[in-house]
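> build me a structure from this.
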Amino acid sequence: PATDLEILIGKYLALLAVYSIALAFSLTHLIVLSVIGNPDLGVAFTTYFGYWLAGAALLAAGMFGSVLTSSTTVAFVLGVIICAIPVFIGSIASSNLLKSLSVREQLHDFELGIIPLSGIFYFVSLTVFMLYLNLVMIRRRHWSTGQQTSMGLQYIVRAICLCLALISVDYVVAHATAIARADLTHERIYSLSATTRDVIKKISSEHPVKIEAYMSTDVPREYAPVRKQLIGLLQQYAQLGGSAIDVHFIDVEPFSKEAEAAKIQGITPEHVRSEREGRRYEDTIYLGAVVSSSSDQVVIPSLGPTTPLEYELTRSVRTVANQKRLTIGVMRTDADVIGGQREIGRASCRERV
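This is a model prediction of the structure:
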């Protein structure tokens with residue numbers, strides 16, 4: 001008596017309930033952390049919410065693998081392959097559009113303590129698309145033998161059109177709702193100030209600002225929050241600035257080409273002593289940024305736990321984006337105001353804010 005859509009929704013909700021219960025069991029870790037420490041509950045909530053959305057989308061993808069075959073083993077293998085596509089596409093793709101379609105890329109904001117509207121729409125659209133494919137395969141048994149080829153081709157075209165439409169809408173949402181991001185961290189560390197927003201809005205897309213962040217992949221514990229906050233702030237700059245701000249994250253390993261490039265750019269390596277498992281280590285880390293435009297460049301050689309990150313970044317962006325520079329100079333007049341010196345060299349310098 002049930003329709004194909006009801007069967008599909010019932011199966012999906014059952015799987016989603018099992019996944020939600022399994023995920024809820026891991027909340028015991030959060031309870032333990034609350035007893036022995038003071039975790040940021042806002043970050044914990046956004047992380048759990050992001051993983052729940054990702055799991056809901058990948059469950060629909062796994063269901064599509066199971067509806068393609070009656071073999072449990074083959075269905076498992078197909079489900080893994082299908083789920084691997086949105087998970088790892090960002091690692092092998094060179095296009096920014098394809099990278100933005102990666103589950104790992106979309107989860108990054110949730111892990112920082114931010115709930116972006118574009119991320120929610122991405123996971124919802126992925127779920128809808130995979131459920132549509134499931135519905136098509138369930139309805140296949142109703143097609144007559146003579147219509148198998150024609151109906152199959154018709155639904156393939158429909159699926160491709162739906163996929164392209166969802167990708168297009170997701171791209172528009174990601175760029176049109178740059179400020180639709182809820183910062184749930186305890187100290188609102190990723191909420192940009194009014195001054196920063198005003199500076200970014202004044203940047204012309206004809207003279208874009210490029211920000212290159214050089215960061216060591218492995219940093220000591222005291223520098224980990226700095227690295228995390230730097231990534232989160234720069235993502236906010238990129239989202240708010242759109243085409244006017246181009247942000248690049250460069251992972252630096254010791255003795256690598258990226259390390260040499262960082263030194264050439266003026267990024268100063270920091271030698272930090274730390275203690276791990278009772279042993280003392282001296283780590284060399286790179287944590288700096290180069291802010292440049294077509295007319296100027298500012299180097300932030302190093303960033304540390306005491307550095308006001310947003311101030312330094314905004315100051316640098318404002319400096320390189322300022323096309324009109326004030327010029328000061330010293331002029332010679334008939335009045336000998338410098339103790340008998342007759343020749344005064346002319347000098348000028350650009351004002352730096």
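
> pretty sure L303 is in a strand, no?
No - judged by DSSP: H, G, I helix; E, B strand; the rest coil, L303 forms no part of a strand; its state is coil.

> quick check: closest non-adjacent residue to it.
Excluding the flanking residues, the one nearest L303 by CB to CB, 6 or more residues apart in numbering is L287, at 4.8 Å. Every C-beta, even on glycine, is put in place using the N, C-alpha and C of the backbone.

> how far away is that neighbour from A213?
8 Å (CB to CB, to the nearest Å).

> likewise P225?
Plainly put, P225 is 15 Å away from A213 if you go by CB to CB.

> which one of those two has more residues nearby?
More neighbours surround A213 than the other of P225 and A213, with 25 against 12 (other CB atoms under 10 Å).

> where does the stretch 251-353 of the chain dip in pLDDT?
Flagging of the stretch 251-353 of the chain using pLDDT under 70 yields the residue ranges 276-278, 323-328, 335-353.

> flag the shaky bits of this structure, pLDDT-wise.
In the chain, residues with pLDDT under 70: 96, 144-149, 175-180, 276-278, 323-328, 335-353.

> touching, Y223 and I285? I think so.
Yes - in terms of CB atoms under 8 Å, Y223 counts as a neighbour of I285; the distance is 6.2 Å.

> please identify every residue contacting each of those two.
V272 (CB atoms under 8 Å, 6 or more residues apart in numbering).

> measure V247 to V43 for me?
22 Å.

> ditto for R188
Distance from R188 to V43, by CB to CB: 12 Å.

> which one of those two has more residues nearby?
V43 (18 against 11).

> my read: the more buried one touches D183, true?
No - between V43 and D183 there is no contact, the gap being 10.3 Å when judged by CB under 8 Å.

> can you pull the residues that touch both of the two?
G113.

> strands along the stretch 251-353 of the chain, start to end?
Using DSSP state E, counting those that start in this stretch, the strands of the stretch 251-353 of the chain run over 270-276, 279-285, 287-292, 297-300, 327-329, 348-350.

> any idea which of these is most buried?
Greatest average neighbour count among these goes to strand 287-292 (a mean of 24), per mean count of other CB atoms under 10 Å.

> list the helices and strands that one packs on?
strand 209-216, helix 224-241, strand 297-300, helix 309-321 (3 or more CB pairs under 8 Å, 6 or more residues apart in numbering; DSSP states H and E).
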